[in-house]
Structures are given as C-alpha cells and as structure tokens.
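1. coordinates only, sequence not included:
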C-alpha cells in the first residue's frame, strides 16, 4: 500500500482551501434610499439583492425615505448604516453646514451617476426664466430631499425671492402641475425621468434653462455642481436645455466595518450590469468616476477595494 507524503497532503489541503469561495462578511446593513418606486429605492433594492447573492451573510434592508437630507440625518443618529444622497447634501453633512448643525459621521463608498436639475412648467406657461418665478407657487421637492436643497440654492443664486414654495415629492409635483395647483416644480434626477416623461404625454411641458448658475453655486457651496444639458427631444423638447448637474453618492457611517464597506463597494462594480436604473441613464459605474467624492472622504474599506481591484 502506497502512502501519500505528508508534504503533498498539506499542499493539497492548502490548494483546496484556496479554492473555496470567500463567504464574505456577515452583517445586517440598513440602506436609506428614497420614496417608494423612485430611482433611489429601485437602485437600493437591486443593490440589496445583488449584495446577498454575492455574500450570503450580508443582508441589506432597504428603507424608503424622503431621500438625501433625511438619509444623512439617519446616518447621524444611527437609524441607517448606508444611504443614497445628492453630493451637495453629503458635502454639507460632512462639513456640518447648511441644514446640518453638526458634522455627520459620513464617508463615501462611490460616486454613482449624474443628476440633472429639472425646472418644469406647462408648455403654455408665460415663465421663460427663473426670475419670473417670483410670486408664483413652486414645488421645490419633498421636505428633507436633496432636490429641495439644490432648488433653494438655485433660486437664491438667481436672485429669486417671494416664491410661494411648497414641498412636494415628484409624483405629487407632477399631479399638482397637471391640476394647475403649482406653476412650476423642481426635480433632480436622470434625463429622462420616467414620471416627467409620463406627465409630458398627458400635458405638454417645457424645461426652464438654468445655464450659467453652476459656477456661482460652486463658488458659494463647493465644487459638486456641473454645467450640463438635458438633451434635445427629452420630454418632447426641441433643443437641449442647459442646467445644473449634481452627482449621486452611495455613502455610509464612518464607523461601518471595513470588510462590509469593501464588500458593498465590490458589489457595485462586479454586478454593475444588474444595477442599472431607467431613471439614471448614462450611469458611470467605473472606478475613475466613482472615487471622485470631493470633500466627502472615501471610507477605508472602499479605498481598499479600489486599490486591490484597480491599483
């Protein structure tokens, strides 16, 4: 009877262990997203599914919220572990400014995709530029949303005062415009955004140009704002509409375990084809775009993933 040398047994055992799949971290993570049915909630649900498929011990619970500002407050008081947010709100939270009275313990996992600020009016409206919103009823977005923060800054930068502001979510804003309860509404999201495209089929609409405002916004609030254009033909428009662009971030508590942060970041890129959201066309889930999170520091676990994966 032949015996197998002990050194060979050890080598085989080591090889077998190396071939086992890594079970990944074991954790329960609460992800604050946005309104039910919206792009943040859709993205969050897909991320939760793919995270569990990739790491069976990793469970992501999706929380529906008003979005950015509420999400960041939830990170601060421990009601959430990760969150989706507009970049300007995240920068305010990290610095403890604006609507945040103290610094929130926030770190970034990735910059995800660009949002386009929409200022929507009926096609037959007499409003042609932001200054004509004075004295009008305008929905700035849901309370505690990133859209509301950006819209307020745009109005202030454009010198618009005496707006009768209401705080409605996207669906409520679209319905209110259809009933003529509001004269205009703001929304920050993809282009096209499905709810606005559906509204345009029911009532012709226009987008008010917001070109030239990003530079002033950067000077007042930081470098997260971009000059962008909503393409011609979107919502039936004849030409491109210059506006303000703001990225979306996936962020987390600064104290989130490094292994969990690294695993979630890996899911973003290794399963990116299953995370696409119709309301976020042109999502740029690549490492060069993702690491540009400005004044919001990358979480060490996310940074470790980028170093290991991309050098």
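-> That came in fine, so what should we check first? This is a predicted model, so every value here is computed, not measured. Numbers count the residues shown, from 1 in each chain.
2. secondary structure class for the residue nearest to residue 169 when sequence neighbours are not counted?
-> Nearest residue to residue 169, sequence neighbours excluded (Cβ to Cβ, 6 or more residues apart in numbering): residue 142, at 4.1 Å. In short, each C-beta sits where N, CA and C put it, glycine included. Look at residue 142: counting by DSSP: H, G, I helix; E, B strand; the rest coil, its state is coil.
3. Distance check, residue 142 against residue 253.
-> 23 Å (Cβ to Cβ, to the nearest Å).
4. Skip the chain neighbours and tell me the closest residue to the residue nearest in space to the middle of the chain.
-> In the chain, the centroid-proximal residue (Cα atoms, centre = their mean) is residue 248; its distance is 3.0 Å. Nearest residue to residue 248 in three dimensions, chain neighbours excluded: residue 112, at 4.6 Å (Cβ to Cβ, 6+ apart).
5. Double-check that neighbour against residue 250; I have them as touching.
-> Yes - the pair formed by residue 112 and residue 250 meets the contact definition of Cβ atoms under 8 Å, at 5.9 Å.
6. Need the per-residue pLDDT for the residue nearest to residue 169.
-> pLDDT for residue 142: 95.
7. List the contacts of it.
-> The contact partners of residue 142, by Cβ atoms under 8 Å, 6 or more residues apart in numbering, come to 35, 66, 67, 148, 167, 168, 169, 170, 172.
8. any chance you could map the strands in the protein?
-> 27-32, 58-63, 82-86, 106-122, 137-139, 164-166, 184-189, 205-207, 226-230, 241-253 (DSSP state E).
9. Nearest to residue 299 among these would be which one?
-> Closest to residue 299 of the strands of the chain, according to Cβ to Cβ: strand 106-122, at 3.9 Å.
10. quick one: that closest one to strand 241-253, angle?
-> 150 degrees (axes from the mean of the first three to the mean of the last three Cα atoms, to 10 degrees).
11. ends of stretch 226-244, how far apart?
-> 6 Å (Cα to Cα, to the nearest Å).
12. Let me know the average pLDDT across that stretch.
-> Here the average pLDDT along stretch 226-244 is 94.
13. Please identify the buried residues of it?
-> Across stretch 226-244, burial judged by 16 or more other Cβ atoms under 10 Å covers 226-230, 234-235, 237, 240-244.
14. what about residue 304, how many neighbours?
-> By other Cβ atoms under 10 Å, the residues close to residue 304 number 16.
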